[in-house]
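Engineer: A predicted structure for the sequence below; I have some questions about it.
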Amino acid sequence: MFDDLRGKAVLVTGASTGIGAAVAAGFGEVGARVAVHFRQSRGPATEVAGRIRAAGGEAVLVQGDVTLISGVERIVDEAVGAFGGLDVVIHNAGDVHKRGDIDQASDADIDAIIDLNARAVVTVARAALPHLRASKGNLVATTSVAARQAGGPGTPIYSASKAFAQGIVRFLARDLAPEGVRVNAVAPGLILTPLQDRNTTPEQLELMTRRIPMGRAGLPEDLVGAYLYLASNKLAGFVTGATIDVNGGQYLS
C-alpha cells in the first residue's frame, strides 16, 4: 500500500519514544530510510533504529535540541548528509512540560512550552524547506486534539502552543502548494506514552479516558497509518492543509 515510500528519506523528530518511535518504526516497515531524532534518550533511539533495520529499512541517529536554532540546523544537516536529501519530515517532538493552572506557570515554564511546541515547528520547517522544495516532499506536524478543544486539565499553554502549530500548518500548506510541497498534521487525542507517564496522574488519566467514545486511550501504534498516509504521494498527493484526528472520538465529546 505504501510502496512509494520505499527508499524515501524521512526525518522523524522526537523519535526515541512514544508516537515518534512508533511512526519511525512504521516508516522502516515500508522500506524508508529514517533519521531517528533524539535529544537525550540515545538508548531508546538506538532500539528504534534497530527495529527499523530489522524491518528492512535504513536508519541513522541524529541528536539535537529542537528548541535551539543551532540544534535544528544540525539535525537537518545530519539527516541530509546521511541520505543525500529529505523527502518527508515528521515533526513530532513536543511535550506538556508540566500541568498547572495559568497563574501557576512561571515565565520559564511558558517559554519552555512555547519553544518546544510552537517555535520549533517554525524552526524545523525553515531548516527543512530547501530540501523539501528540491524533492517536492512533504511535512507532517504532530498537533493535538487540544489545539481545537480546551485540552486536558492544567494544559492552557500547551493547548495554545498546539493551536499555533495548527495555524502554521495551514499557512505553510497554502503558501507551499504551488511549489509542490504538501504540509499536513496529525492531531492525537489521549495516547498512552511516556508524556502521560510524566505529566498525568492516574486519576486524571481515568477521567479523560471515560470521556472517549471508543472507551479507551490510544496507543502510539494507533497513529502510524495516519502519518504514512499523509506522507505518501500515491495516496495523499492531493491532500494538503489537512488534519487527521486520531482520538477514538474524543474530539466529539
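Structural biologist: All right, it came through fine. Quantities reported herein were computed from a predicted structural model and do not represent experimental measurements. Numbering: from 1, shown residues only.
Engineer: on contacts alone, who are the packing partners of whichever strand or helix holds Arg133?
Structural biologist: According to DSSP states H and E, Arg133 maps onto helix 120-135. Using 3 or more C-beta pairs under 8 Å, 6 or more residues apart in numbering; DSSP states H and E, the elements in contact with helix 120-135 are helix 69-83, strand 88-91, strand 138-142, helix 156-176. Where you see a C-beta, it was placed from the backbone N, CA and C, and this is true even at glycine.
Engineer: ranking those by burial, who's on top?
Structural biologist: Comparing these by mean neighbour count (mean count of other C-beta atoms under 10 Å), strand 88-91 ranks first with a mean of 28.
Engineer: pull out the buried positions in the helix or strand just after that one.
Structural biologist: Using DSSP H and E, the next helix or strand after strand 88-91 towards the C-terminus is helix 107-114. The neighbour-count criterion (16 or more other C-beta atoms under 10 Å) identifies 110, 112-114 as the buried residues of helix 107-114.
Engineer: ok so, going back, now the helix holding Arg133, how far from the centre of its chain.
Structural biologist: In terms of C-alpha atoms, centre = their mean, to the nearest Å, the centre of helix 120-135 is found 14 Å from the chain centre.
Engineer: also stretch 45-63?
Structural biologist: In terms of C-alpha atoms, centre = their mean, the centre of stretch 45-63 is set 17 Å apart from its chain centre.
Engineer: what's the first-to-last distance across that stretch?
Structural biologist: Distance between the boundary residues of stretch 45-63 (C-alpha to C-alpha, to the nearest Å) amounts to 10 Å.
Engineer: same question for stretch 90-99.
Structural biologist: Counting by C-alpha to C-alpha, you get 26 Å between the two ends of stretch 90-99.
Engineer: buried residues in it?
Structural biologist: So, applying 16+ other C-beta under 10 Å, buried residues of stretch 90-99: 90-97, 99.
Engineer: just stretch 226-246 next, same as before
Structural biologist: By neighbour count with 16+ other C-beta under 10 Å, stretch 226-246 contains the buried residues 226-233, 236, 239-246.
Engineer: with stretch 5-16 instead?
Structural biologist: With burial defined by 16+ other C-beta under 10 Å, the residues of stretch 5-16 counted as buried are 5, 8-16.
Engineer: and if you look at stretch 214-226?
Structural biologist: 217-218, 220, 222-226.
Engineer: which two of those residues have the greatest separation?
Structural biologist: Largest separation among the buried residues of stretch 214-226 by C-beta to C-beta: Ala217 and Gly225, giving 17.5 Å.
Engineer: for stretch 185-204, output the C-alpha coordinates as CSV.
Structural biologist: Output of stretch 185-204 as CSV, limited to C-alpha atoms (Å, rounded to 0.1, in the frame of the first residue of the first chain):
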residue,chain,number,x,y,z
ALA,A,185,-0.9,17.5,10.5
VAL,A,186,-2.0,14.6,12.7
ALA,A,187,-3.8,15.5,15.9
PRO,A,188,-3.6,12.8,18.5
GLY,A,189,-6.0,12.6,21.4
LEU,A,190,-5.2,10.8,24.7
ILE,A,191,-2.3,8.5,23.8
LEU,A,192,-0.5,6.3,26.3
THR,A,193,3.1,7.5,26.0
PRO,A,194,5.9,8.5,28.4
LEU,A,195,4.5,12.0,28.1
GLN,A,196,1.4,10.9,30.0
ASP,A,197,3.6,8.9,32.5
ARG,A,198,5.4,12.1,33.3
ASN,A,199,2.6,14.6,33.4
THR,A,200,-0.7,12.8,34.1
THR,A,201,-1.9,11.3,37.4
PRO,A,202,-3.9,8.0,37.4
GLU,A,203,-7.0,10.0,38.4
GLN,A,204,-6.6,12.4,35.5
